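Asks: I would like to see how this sequence folds:
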Amino acid sequence: MTAPTAPYIARVEPFIDSADVLDDHAAIQRRAAADGYLFFRNLAPRDLVEQLRGQVLDQCARRGWLDGHTLPTRDELLAWQADVQVLPAFSALRGERRITSVLEMIFGVPAVAGCGDVCRVAFPRDLERTTRPHQDHFYTRGSTSLWTVWIPLGDCPASLGGLAVLPGSHTDGLRAHDGGEGESRYIILADDVPWAGTDFRAGDVLMVNALTVHGARPNMTEQDVRVSIDCRYRPRPHHA
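Replies: Next comes the predicted model:
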């Protein structure tokens, strides 16, 4: 894959904050169906987010990844993932009731967790490994009812990156992922497509449908590391 030389998500409008309809089941379902994403300010407990952030960064520091010079290999990242995902704070955040209750509103049934969770680390100006536009369904297959919950572990201004989405893109079905190869396939888009994003704060939560096009904005800082988690959920089958 050819590495991007500049931020590829240029036009970004603010997310719609759904915190004002958090207790409105019908409104949550309408927005999820129309936009393919839901964004909430301060949905996750900030103290739990910061606790997990500290533990994740400790794992990075133990491996010497925070010295500004060392970038991990794929195998090193996989080993790091294994250590991070067994942390009690990771499980606690994934099962946080304020998050799962929203998913139950979307699904209309209880949410099943643990459907492909990931902790991510984005190093300064590591543009080659910045996650390009894609749909999760291209990789996960299975049900298009899968939703990903993206939580930044700490404040995440635009300069640090964060996730951006194409509102309503889930209604077009699965798109061709013609860019890149293997696990790095991505969707090629025009430069002027209307992304939605924000300056994230610790405690903010973004939920994205499996068919909604999304991608990471590059970490353009000189020395700050961005850490986040993806937690994936599906509706519990009616016969379960």
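
Asks: in this structure, where is pLDDT below threshold?
Replies: 1-8, 68, 239-240 (pLDDT under 70).

Asks: can you give me the buried ones in the helix ranked longest in it?
Replies: The longest helix of the chain (DSSP state H) is helix 46-62. Across helix 46-62, burial judged by 16 or more other C-beta atoms under 10 Å covers 48-53, 55-57, 59-60. To be clear about C-beta, it is placed using only N, CA and C from the backbone, and glycine gets the same treatment.

Asks: measure P88 to Q55 for me?
Replies: 9 Å (C-beta to C-beta, to the nearest Å).

Asks: and D75, by the same measure?
Replies: 21 Å.

Asks: show me the contacts for the residue lying closest to E50 once chain neighbours are set aside.
Replies: Nearest non-adjacent residue to E50, counting by C-beta to C-beta, 6 or more residues apart in numbering: A202, 6.0 Å away. Contact analysis of A202 by C-beta atoms under 8 Å, 6 or more residues apart in numbering lists 46, 49-50, 53, 152-155.

Asks: out of the residues you listed, which one sits closest to D172?
Replies: Closest to D172 out of the contacts of A202 is P152 (27.2 Å), distances taken as C-beta to C-beta.

Asks: in this structure that closest one contacts G203, no?
Replies: No - taking contacts as C-beta atoms under 8 Å, P152 lies outside contact range of G203: 9.0 Å.

Asks: spit out the residues that contact the two alike.
Replies: V49.

Asks: in this protein, which spans are helices?
Replies: Using DSSP H, the helices assigned to the chain run over residues 25-35, 46-62, 74-85, 88-94, 97-107, 136-140.

Asks: in a markdown table: these, plus distance to I188.
Replies: Listed next are the helices of the chain as a markdown table, based on distance: least, C-beta to C-beta, whole Å:
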| stretch | distance to I188 |
| --- | --- |
| helix 25-35 | 23 |
| helix 46-62 | 32 |
| helix 74-85 | 24 |
| helix 88-94 | 33 |
| helix 97-107 | 29 |
| helix 136-140 | 13 |
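
Asks: can you tell me which of those helices is nearest to P218?
Replies: That would be helix 74-85 among the helices of the chain, by C-beta to C-beta, at 17.9 Å.

Asks: same for the closest one, what does it pack against?
Replies: If contacts are counted by 3 or more C-beta pairs under 8 Å, 6 or more residues apart in numbering; DSSP states H and E, helix 74-85 sits against helix 46-62, strand 118-122.

Asks: rerun that using 6 Å as the cut-off
Replies: If you count contacts as 3 or more C-beta pairs under 6 Å, 6 or more residues apart in numbering; DSSP states H and E, helix 74-85 packs onto helix 46-62.

Asks: how about the helix it packs on as PDB, C-alpha atoms only?
Replies: The C-alpha trace of helix 46-62 is given here as PDB (Å, rounded to 0.1, in the frame of the first residue of the first chain):
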ATOM      1  CA  ARG A  46     -14.100   9.400  32.500                       C
ATOM      2  CA  ASP A  47     -12.300   7.900  35.500                       C
ATOM      3  CA  LEU A  48     -12.600   4.400  34.000                       C
ATOM      4  CA  VAL A  49     -11.400   5.700  30.600                       C
ATOM      5  CA  GLU A  50      -8.400   7.400  32.200                       C
ATOM      6  CA  GLN A  51      -7.600   4.300  34.300                       C
ATOM      7  CA  LEU A  52      -7.500   2.100  31.200                       C
ATOM      8  CA  ARG A  53      -5.500   4.700  29.400                       C
ATOM      9  CA  GLY A  54      -2.800   4.600  32.100                       C
ATOM     10  CA  GLN A  55      -2.600   0.900  32.000                       C
ATOM     11  CA  VAL A  56      -2.400   0.800  28.200                       C
ATOM     12  CA  LEU A  57       0.300   3.400  28.100                       C
ATOM     13  CA  ASP A  58       2.200   1.400  30.800                       C
ATOM     14  CA  GLN A  59       2.100  -1.600  28.500                       C
ATOM     15  CA  CYS A  60       3.500   0.600  25.700                       C
ATOM     16  CA  ALA A  61       6.200   2.000  27.900                       C
ATOM     17  CA  ARG A  62       7.300  -1.500  29.000                       C
END
